[in-house]
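**Q** with the input below, show me the fold.
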Amino acid sequence: MKTLFTWRRTLLGLAAAGVIGQCLAFSFGAAEDAVIIPPPTLDETTQADSERAVFAGGCFWGVQGVFQHVKGVKKAVSGYAGGAANTAQYERVSSGDTGHAESVEVTFDPRQVSYGTLLQIYFSVAHNPTELNRQGPDSGTQYRSALFPENTEQQRIAKAYIVQLDAARSFNKPIVTKLETYNGFYPAEEEHQDFLTEHPTYPYIVINDLPKVAQLKQLYPDRYQEKPILVKTGS
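**A** Modelled structure (predicted):
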């Protein structure tokens, strides 16, 4: 885990400098295949025009990149959830002992896209919910599959959906996604925001994350928007 973190930090610096090559992509394994799953039978009904939800599903670059292409999403911010404010820094979280998970806080218009629909995309495209404390090439509790419901309605919908998917055997293994207590979300450092859009040739992104965006477009064409909603530009 420490070796992987060292490589990721080193390659992050190289990517920022624009000198990383495609030949290193094979160091990062291969993308997960999306899974076609039914929508939740239980979903929210609200007249609110804005809602927030926090999703953890491995490296936040890809999870953020997927949700930035979903119609109805107003903002998707990479960050940390599950731990204390004073340990919400990338290098500390990467140690795996802070309680934090790399997460994405999604602000959305529930009149355009419901929490249940976001869950469907999360389980189907954004990550593999059957991997315990890892996701693809990344391992450690900071890469766990977890949801941090911000209210009782989100808690109820997420719990029911996991039961529904497991009962239908939608995946070849049981879902390990945990529903954890929401105790705050802490945005990640600026260099991690909009990473997929800013570094589309970065090997990790090419192998692990761009396929997720392509799968979103293929499986959910009515939910897909070509232009991502970015953090740094606010649009």
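
**Q** okay, CA-based contacts and neighbour counts for the rest of this
**A** Fine.

**Q** how about the contacts made by the most centrally placed residue in the chain?
**A** For the chain, residue 63 is the residue whose C-alpha lies nearest the centre (C-alpha atoms, centre = their mean; 2.6 Å). Contacts of residue 63 were listed using C-alpha atoms under 8 Å, 6 or more residues apart in numbering, and they are 56-57, 103-104, 122, 126-127.

**Q** quick check on it: phi, psi?
**A** phi -60, psi -40 (degrees, to the nearest 10).

**Q** among the contacts of residue 63, which one lies nearest to residue 50?
**A** The nearest member of those to residue 50, counting by C-alpha to C-alpha, is residue 104 at 16.2 Å.

**Q** looking at the contacts of residue 63, which are in strands?
**A** 56-57, 103-104 (DSSP state E).

**Q** burial check on residue 47, number of neighbours?
**A** 9 (other C-alpha atoms under 10 Å).

**Q** so how far is residue 221 from it?
**A** From residue 47 across to residue 221, the span is 25 Å (C-alpha to C-alpha, to the nearest Å).

**Q** over to residue 118?
**A** Applying C-alpha to C-alpha, the value for residue 118 to residue 221 is 14 Å.

**Q** these two - which one has more neighbours?
**A** Remark: of residue 118 and residue 221, residue 118 carries more neighbours, 23 against 11, as counted by other C-alpha under 10 Å.

**Q** who wins for neighbours among the contacts of residue 63?
**A** residue 103 (34 neighbours).

**Q** quick check: beta-bridge partners of that one?
**A** Note on residue 103: beta-bridge partners by DSSP bridges are residue 56, residue 79.
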